[in-house]
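Q: No letters, just coordinates:
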């Protein structure tokens, strides 16, 4: 028998970081919120290296201390920067040495199954109605009168009534798919292979407080992440253009992964590592939606699109999109007509454009040249670069945000 639930001010699809942050902001502002999540937590997902900017958002919605308190038991690794390696070239950056004088300069590297559950459990404890095992199968959307049809794990069907819908379903992209909206490719198609390992690293120079980004010594558009956790395990992945290794396409993913790792300095560093989970793969992830909002709905995070994992911007963008959307909906709740373009899409898009410029500069070689040949004589320029890599892509006082491509090109020329 179909079940109809009482009307909520806001219905959120997805209980990941974007959904949790949006729910907390809205609930604390006095709105009634329900979160529908298709899966059950904890569940495995990648995107494990946070940026300091995330902590600012979590602090604003009252969840930062929750993360800090759970860090020891959840094996979250304190993170203060990033290290880069390419052949015999090595450098590192400290997020605390950045352009801004305020805000967080450190963060954590997290196992997302634990991290996501900690956030949404805190949101539920605060009083938000969170329903796991509820898959949205249809939507009728109109601002002030939205209906979401769901099916739960027992096969029961029902309808949620809400004044507005937030799609925070990540790669599931529930609303765009139900509305038949197409996603456009944002960057060249790339593929990622990844796993978790018990790293057994004995090298005393290895810094577990930084993500290690390694570039293939001859194929500079092939790169690797090594994200250590506090319990001696790590997330390990390799990213490459889908057509770059065309001759290897018949190779088993695990064999290809092991060979690519062995062709870099990661080989000796991880010579005692043991895989702790099966190989995962994802491709064609760099997409975007031209329509971030519509009559009765808004798209957050990966529901709207995703750039690239190279600078760990995904969770940062997701959380900031949640903050902007929540502020707009709180104003709407107080009787103000929402201006989704100027209060959400435009400001969010400005930071995404900055990240995109950095991703493009990474793959065309300019940013690698800057990172591995930093002009030590201009420390202020270096701090501007560090700010972006720490997630502060919305600070228009930073010239590298306000005029990203111009200053990237200038820095590149200084490094030649």
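A: Good, I have the coordinates. Because the structure is a prediction, the values reported are computed rather than measured.

Q: Going by C-alpha atoms from here, please, whenever you check contacts or count neighbours.
A: OK.

Q: ok, residues contacting the helix ranked longest in the chain?
A: Determined from DSSP state H, the single longest helix within the chain is helix 314-333. Judged by CA atoms under 8 Å, 6 or more residues apart in numbering, the contacts made with helix 314-333 from elsewhere in the structure are 17-19, 21-22, 25-26, 29, 31, 47, 50-51, 53-54, 57, 298, 300-302, 306-308, 337-340, 343-344, 348, 352, 391.

Q: In it, which residues are buried?
A: For helix 314-333, a neighbour-count test (16 or more other CA atoms under 10 Å) marks 314-330, 333 as buried.

Q: what does the helix or strand following it rub up against?
A: As assigned by DSSP states H and E, the chain's next helix or strand after helix 314-333 is helix 340. The set of residues that contact helix 340 without belonging to it, under CA under 8 Å, 6+ apart, is 293, 328.

Q: gap between helix 340 and the chain center?
A: The offset between the C-alpha centroid of helix 340 and the centroid of the whole chain comes to 22 Å, using CA atoms, centre = their mean, to the nearest Å.

Q: And stretch 156-163, by the same measure?
A: Going by CA atoms, centre = their mean, where stretch 156-163 is centred and where its chain is centred differ by 29 Å.

Q: hey, where'd the strands end up in the stretch 151-300 of the chain?
A: With DSSP state E, counting those that start in this stretch as the criterion, the stretch 151-300 of the chain has strands at 157-167, 184-185, 190-198, 210-215, 223-228, 233-241, 274-275, 280-283, 287-288, 293-294, 297-299.

Q: Let's have these in CSV, adding mean neighbour count, mean pLDDT and distance to residue 35.
A: As requested, those are arranged in CSV below (neighbours: other CA atoms under 10 Å; pLDDT from 0 to 100; distance: least, CA to CA, whole Å):
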stretch, mean neighbour count, mean pLDDT, distance to residue 35
strand 157-167, 23, 97, 9
strand 184-185, 14, 78, 28
strand 190-198, 20, 96, 29
strand 210-215, 23, 98, 32
strand 223-228, 25, 98, 30
strand 233-241, 22, 96, 29
strand 274-275, 14, 98, 34
strand 280-283, 13, 93, 26
strand 287-288, 20, 86, 24
strand 293-294, 16, 97, 19
strand 297-299, 25, 98, 14
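
Q: Need the nearest residue in space to residue 309, chain neighbours excluded.
A: When the adjacent residues along the chain are set aside, residue 309 lies closest to residue 47, with 7.4 Å between them (CA to CA, 6 or more residues apart in numbering).

Q: Could you list which residues are in contact with the one you found?
A: Taking CA under 8 Å, 6+ apart as the criterion, residue 47 is in contact with 112, 309, 312, 314, 315.

Q: can we see that at 10 Å?
A: Applying CA atoms under 10 Å, 6 or more residues apart in numbering, one finds that residue 47 lies in contact with 109, 110, 111, 112, 227, 235, 309, 312, 313, 314, 315.

Q: Looks like the first one contacts residue 209 (just checking).
A: Yes: counting by CA atoms under 10 Å, residue 209 is a contact partner of residue 109 at 8.5 Å.

Q: Between those two, point out the one with more neighbours.
A: Of the pair residue 109 and residue 209, residue 109 is the one with more neighbours under other CA atoms under 10 Å, namely 28 against 22.

Q: need the contact list for that one.
A: With contacts defined as CA under 10 Å, 6+ apart, the neighbours of residue 109 are 47-51, 71, 75-80, 115, 208-211, 227-230, 234-235.

Q: if we go to 7 Å?
A: With contacts defined as CA atoms under 7 Å, 6 or more residues apart in numbering, residue 109 is in contact with 48, 49, 50, 76, 77, 78, 79, 227, 229.

Q: What of residue 201?
A: Residue 201 makes contact with 269, 270, according to CA under 7 Å, 6+ apart.

Q: For it, give me the pLDDT.
A: In this model, residue 201 is scored at 98, pLDDT.

Q: Tell me how far it lies from residue 217.
A: In this structure, residue 201 and residue 217 are 21 Å apart, going by CA to CA, to the nearest Å.

Q: Same check on residue 23?
A: Counting by CA to CA, the gap between residue 23 and residue 217 amounts to 44 Å.

Q: Residue 279 now?
A: Noted for residue 279: a distance of 23 Å to residue 217, by CA to CA.

Q: got the angle between the helix or strand containing residue 36 and strand 157-167?
A: Element membership of residue 36 [criterion: DSSP H and E] is strand 33-37. Strand 33-37 and strand 157-167 meet at an angle of 100 degrees, taking axes from the mean of the first three to the mean of the last three CA atoms, to 10 degrees as the criterion.

Q: so what secondary structure elements neighbour strand 33-37?
A: Helices and strands touching strand 33-37, by 3 or more CA pairs under 7 Å, 6 or more residues apart in numbering; DSSP states H and E, are strand 8-13, strand 129-132, strand 134-140.
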